[in-house]
Every structure is written in structure tokens, then in C-alpha cells.
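Peer 1: Sequence plus the predicted model coming up.
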Amino acid sequence: MIIVGVGVGPNMLTQEAIDVISNAPVIYGSSRSIELAEEFIRCEAHLIRDYKNLHLLPADAVILSTGDPMFSGLGKFATENDRVVTGVSSIQAACARFHVEMSNMALITAHGRDPAPAKEALIREVGLGKNIFLLPADSFGSKEVAAVLQEMDFDARICIYEDIGYPHERAVCGTVAQPPENHSDMYCIIVVR
């Protein structure tokens with residue numbers, strides 16, 4: 001199978017992704033990933049019902065993954081025989097939006113997971129002097145990140161970027177004392193020293 005990143009929002013497909021999608025014999029993805037790629041889909045597109053059974057799909061199937069497949073995406077299901085096509089990730093978009101270089105960035109995800117390991121990673125990486133990119137969970141967002149940083153007596157700029165690429169996207173920054181609040185469930189957080 002070919003796992004293709006469709007980008008974090010509209011108009012964020014790479015040319016390679018467009019070529020693979022346009023020539024696909026069959027496509028599978030979430031409703032959002034299919035929507036992001038729909039103008040280039042020329043075959044049947046099916047909703048993925050069970051992500052743990054992707055290996056049962058046809059060998060020539062194209063699987064759409066939002067953002068980049070290799071960060072909290074479907075690339076984790078790829079085998080050595082599968083191909084993965086990168087997509088514009090929320091990391092790239094947020095770093096560009098807030099002018100944060102990625103070379104000193106720790107990448108953490110709590111998205112769809114128990115947030116405890118993300119909290120541990122946040123503490124560890126901040127302690128190492130890293131800036132943080134975080135995909136939040138419902139119970140571990142900007143307020144919880146700010147509370148952890150306050151406990152560490154760590155001062156930083158906290159930024160959230162939500163609905164990236166959509167007409168109503170929103171980018172806002174705050175401080176540890178006054179963290180920004182998200183208005184959407186589709187957002188990411190950047191912590192900058």
C-alpha cells in the first residue's frame with residue numbers, strides 16, 4: 001500500500017501526493033482526508049472503518065493520512081514493503097507561522113492517547129532546553145501545559161494554531177501565566193523559550 005499525507009489543511013498537498021492520488025486505483029481514508037484530497041481523486045474512495053486492519057487492504061491501495069503520516073499518522077502501520085509519501089504537517093505549518101526553527105524542537109503527541117506520557121515528555125524535554133511542539137489531548141491542552149511549566153518555574157511563550165489552512169484558522173500566543181485558549185478541537189501547541 002501507499003500511505004499518502006494529504007497535509008494538515010486545505011491546499012497543503014505536495015506534488016508527489018497529488019500524482020499518487022490522481023493515479024490511485026482505489027483510495028481509503030477518513031472523511032476529512034478524503035475531503036482534503038477530493039479534487040484529485042479519480043477512483044473509488046472508501047472510508048476506513050478499522051485502522052488496525054489496514055494490512056488487509058489491497059496491495060495497490062492508497063491510504064490517505066491527514067498531516068504527515070509519520071507524526072501521529074497512519075505511517076505507523078507501514079511495513080518495509082509499503083511506500084510513505086510525506087505531507088505538510090502541523091509542525092511545519094506552525095513553525096513557519098510562528099517563526100520557530102525546528103532544529104531545537106521536541107515533538108510530542110497526546111492526540112488520541114493517554115496524556116501521562118506526553119506530560120512526562122514535556123517535563124523532560126523542557127528540562128533539556130528544547131522548544132516544544134505538542135499535539136494535545138482533550139485533557140492535556142494549553143492550560144495543562146501552562147500549569148506544568150508554572151510548577152517548573154519555566155517562563156515561555158505558549159502559542160496555539162488551530163484549523164490550519166482553513167478560512168477560519170486562528171494563531172494566537174500567550175504566556176505561562178496567561179495561556180491562550182483554543183476554540184477548536186483541531187489545534188496544536190508550541191512552547192518557545
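Peer 2: Looks like it came in fine.

Peer 1: How is this structure divided into domains?
Peer 2: With domains defined by automatic domain parsing, the chain comprises 2-88, 91-192.

Peer 1: could you redo the ones you listed as a markdown table and give each row mean pLDDT and mean neighbour count?
Peer 2: Quick note: C-beta positions are derived from backbone N, CA and C, even for glycine. Listed next are the domains of the chain as a markdown table, based on pLDDT from 0 to 100; neighbours: other CB atoms under 10 Å:
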| stretch | mean pLDDT | mean neighbour count |
| --- | --- | --- |
| domain 2-88 | 95 | 18 |
| domain 91-192 | 95 | 17 |
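
Peer 1: And A171, which helix or strand is it part of?
Peer 2: Assigned by DSSP states H and E, A171 belongs to strand 170-175.

Peer 1: Which residues does that strand contact?
Peer 2: 97-98, 142, 146, 155-163, 180, 183-184 (CB atoms under 8 Å, 6 or more residues apart in numbering).

Peer 1: Partner strands of it and their direction?
Peer 2: Under the criterion DSSP bridges, strand 170-175 sits next to strand 157-162 (antiparallel) in its sheet.

Peer 1: CA atoms of the partner strand as PDB?
Peer 2: Only the C-alpha atoms of strand 157-162 are listed here, as PDB (Å, rounded to 0.1, in the frame of the first residue of the first chain):
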ATOM      1  CA  ARG A 157       5.700  31.800  25.100                       C
ATOM      2  CA  ILE A 158       2.800  29.400  24.500                       C
ATOM      3  CA  CYS A 159       1.200  29.500  21.100                       C
ATOM      4  CA  ILE A 160      -1.800  27.600  19.600                       C
ATOM      5  CA  TYR A 161      -2.500  27.200  15.900                       C
ATOM      6  CA  GLU A 162      -6.000  25.900  15.100                       C
END
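
Peer 1: Give me the residues contacting it.
Peer 2: Outside strand 157-162, the residues that reach it (CB under 8 Å, 6+ apart) are 90, 93-94, 97-98, 142, 145-146, 149, 169-176, 179-184, 186-192.

Peer 1: how about 6 Å then?
Peer 2: Applying CB atoms under 6 Å, 6 or more residues apart in numbering, the set of residues contacting strand 157-162 from outside is 94, 97-98, 142, 170-171, 173-174, 179-180, 182, 184, 187-192.

Peer 1: tell me the contacts of the closest residue to N11 other than its chain neighbours?
Peer 2: Nearest in space to N11, with sequence neighbours left out and distances taken as CB to CB, 6 or more residues apart in numbering, is G165 at 6.2 Å. Taking CB under 6 Å, 6+ apart, we find G165 in contact with G9, P10, M12.
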